[in-house]
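A.B. asks: Fold the following.
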Amino acid sequence: MNLLIKNIGQLVTVASHGKRVKSGSEMRSIEVLTNASLLIENGIITKIGNDGEITAPEEYEVIDAEQKAILPGFVDSHTHTVFAGSRENEFALRAEGKSYQEIAEAGGGILATVRATREASKKELYHLAERRLNDMMRHGTTTVEIKSGYGLSPEAEIKILEVIHDLKRDHYATIVPTFLGAHAFPPEYTENKQGYVDRICDYMMPYIAEKKLATFVDVFCEKGYFDLHHTEQIILEAKRHGLIPKLHADQLNAFGAVELGAKHNAISVDHLEKTNNEGIVALKNSNTIATVLPGCSLFLNHPYAPARTIIDAGIPLAIATDFNPGTQMCYSMQMMLTLACTQMNMTPEETITAATLNGAAALGLSDEIGSIEVGKQADVVIYNVHDYRYIPYHYGVNHVWKVIKNGVVLDF
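C.D. replies: Prediction:
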């Protein structure tokens, strides 16, 4: 589609000028143009300029932005969007003082969703996830990473990845698949944890790589789940098959998960609520992106990741939702910006960089998306605000006016 957007009040470009990520003070530089125009041809941004400077042939569609603000589409680099069932009962138990660990030990937690997801058909899972993706896009997210992890058996994990594959083929959103077979130990392997890790490495991973069902491999590296030894075994096998490692790290305990991810060049380590100085040093000496998930801290009433310390150390930081049925039932990236500002001492500019360009880098896509620059994919969102800072300021509502994905104006 060919499209001219004129009369833009604020064009928040997050321009990186060829750099993969922004870190440190660079995260505050989002290069806002005022009274601007934007030309999109065949889904690609071809011209950016002052309002009135850019003209387009008569057959091009024209949108008058009415002095509203435009941002790059959000990139949600950590979600668990494909699942069945819900866990509002656990939400109520936590309100009564039960911990995440206590609920899991009583048969809830991840395994509750595993049971529901195993029972669901591919068609059911597809339509549940499709509705969620539509709503994510309504809230300004144009790229979504989706993990498996609620199957925990070869058949169920592959079923989930096939659903993600079909959504990637069919949906307007850009979808990036991650294999998270190492999310928890299934009941049938409670007494044989090494056996399940071997099952992941020797059977699931080769098939998934052969069928190209995933780009990344993730592991929930945590005490009581996958220890450092098991995690390293899975990482090494993933790399052997050409899959890129990511990690859930330091969510409940700091015991070397971040350092392990940095050692093996994981593209990102995510959560980081308990990250200590050793983890910070390891990240600073690596190319790994730190991804923080403020919605999870809010939902569980847990400490927030030390985002300010991470940024000040010069480490590139991304923000994602961690949307999932148990510990973060929210997919609004707008809300994540508010939480990052109010609870993690980030500036609005830093949160926007973290939710766009750096989120794209955490998926290896920042050369294509994540900023509004000539030559990049035209994923842009027009907000019904005249100052981008109003988005995190007025929270709990959806400020999106129009979503443009690959140059196509979406109609919800």
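
A.B. asks: Quick check: bridge partners of Leu317?
C.D. replies: Legend: beta-bridge partners of Leu317 under DSSP bridges are Ala290.

A.B. asks: Can you check my assumption that Asn35 lies in a strand?
C.D. replies: Yes. Assessed with DSSP: H, G, I helix; E, B strand; the rest coil, Asn35 lies in a strand.

A.B. asks: so who does it touch?
C.D. replies: By CB atoms under 8 Å, 6 or more residues apart in numbering, Asn35 lies in contact with 7-9, 50-51. Heads up, the C-betas are built off the backbone N, CA and C, glycines and all.

A.B. asks: hey, where'd the strands end up in the stretch 101-250 of the chain?
C.D. replies: Along the stretch 101-250 of the chain, the segments classed as strands by DSSP state E, counting those that start in this stretch run 141-147, 174-182, 216-221, 244-249.

A.B. asks: Chain neighbours aside, what residue packs nearest to Pro206?
C.D. replies: His241 (6.4 Å; CB to CB, 6 or more residues apart in numbering).

A.B. asks: list the contacts for that neighbour?
C.D. replies: Contacts of His241 (CB under 8 Å, 6+ apart): 205-206, 208-209.

A.B. asks: among the strands of the stretch 101-250 of the chain, which is nearest Thr321?
C.D. replies: Set against Thr321 and scored by CB to CB, these come closest in strand 141-147, at 8.3 Å.

A.B. asks: and the closest one with strand 174-182, angle?
C.D. replies: Counting by axes from the mean of the first three to the mean of the last three CA atoms, to 10 degrees, strand 141-147 lies at 20 degrees to strand 174-182.

A.B. asks: Residues contacting strand 141-147, please?
C.D. replies: So strand 141-147 is in contact with 73-82, 129, 133, 136, 164, 167, 173-180, 183, 216, 218, 320, 331, 333, 359-360, 363, 365, 369, 379, 381, 403, 405, going by CB under 8 Å, 6+ apart.

A.B. asks: just checking, what packs against the helix or strand that contains Met336?
C.D. replies: Per DSSP states H and E: Met336 is located in helix 333-343. Using 3 or more CB pairs under 8 Å, 6 or more residues apart in numbering; DSSP states H and E, the elements in contact with helix 333-343 are helix 294-300, strand 317-319, helix 348-355, helix 390-393.

A.B. asks: want to try TSV for the contacts of His241, with neighbour count as columns?
C.D. replies: Listed next are the contacts of His241 as TSV, based on neighbours: other CB atoms under 10 Å:
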residue	neighbour count
Met205	21
Pro206	13
Ile208	24
Ala209	18
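
A.B. asks: So Ala362 is in contact with Ala290, correct?
C.D. replies: No. Ala362 is beyond contact range of Ala290, at 9.0 Å (criterion: CB atoms under 8 Å).

A.B. asks: So for stretch 131-142, what gets flagged as buried?
C.D. replies: For stretch 131-142, burial by neighbour count (16 or more other CB atoms under 10 Å) applies to 132-133, 136-137, 139-142.

A.B. asks: Now for the spatially most central residue of the chain: which residues touch it?
C.D. replies: Nearest to the mean C-alpha position of the chain, by CA atoms, centre = their mean, lies Ser77 at 1.8 Å. The contact partners of Ser77, by CB under 8 Å, 6+ apart, come to 145, 176, 268, 291, 318, 320, 359-360, 362-363.

A.B. asks: I'd like the strands of the stretch 101-250 of the chain written out as CSV, with mean pLDDT and distance to Leu300 added.
C.D. replies: Output for these, formatted as CSV (pLDDT from 0 to 100; distance: least, CB to CB, whole Å):
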stretch, mean pLDDT, distance to Leu300
strand 141-147, 98, 18
strand 174-182, 98, 19
strand 216-221, 98, 15
strand 244-249, 98, 14
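
A.B. asks: Tell me which of the ones you listed approaches Glu26 most closely.
C.D. replies: strand 141-147 (21.2 Å).

A.B. asks: Against Ser77, how distant is Glu145?
C.D. replies: Distance from Glu145 to Ser77, counting by CB to CB, to the nearest Å: 5 Å.

A.B. asks: I misspoke; the intended subject was Asn7.
C.D. replies: 32 Å.

A.B. asks: cool, Ile110 as well?
C.D. replies: Taking CB to CB, one finds Ile110 at 20 Å from Ser77.

A.B. asks: for Pro154, same thing?
C.D. replies: Pro154 is 26 Å from Ser77, by CB to CB.

A.B. asks: okay, now the nearest residue to Asp312 once chain neighbours are set aside: neighbour count?
C.D. replies: Nearest non-adjacent residue to Asp312, counting by CB to CB, 6+ apart: Gly24, 7.3 Å away. Neighbour count of Gly24, defined by other CB atoms under 10 Å: 15.

A.B. asks: For Gln334, which non-adjacent residue is closest in space?
C.D. replies: Ile391 is the one closest to Gln334 (CB to CB, 6+ apart), at 5.7 Å.

A.B. asks: Spit out the contact partners of the one you found.
C.D. replies: Counted by CB under 8 Å, 6+ apart, Ile391 has contacts 69, 71, 334, 337, 348, 383, 385, 399.

A.B. asks: All set, thanks.
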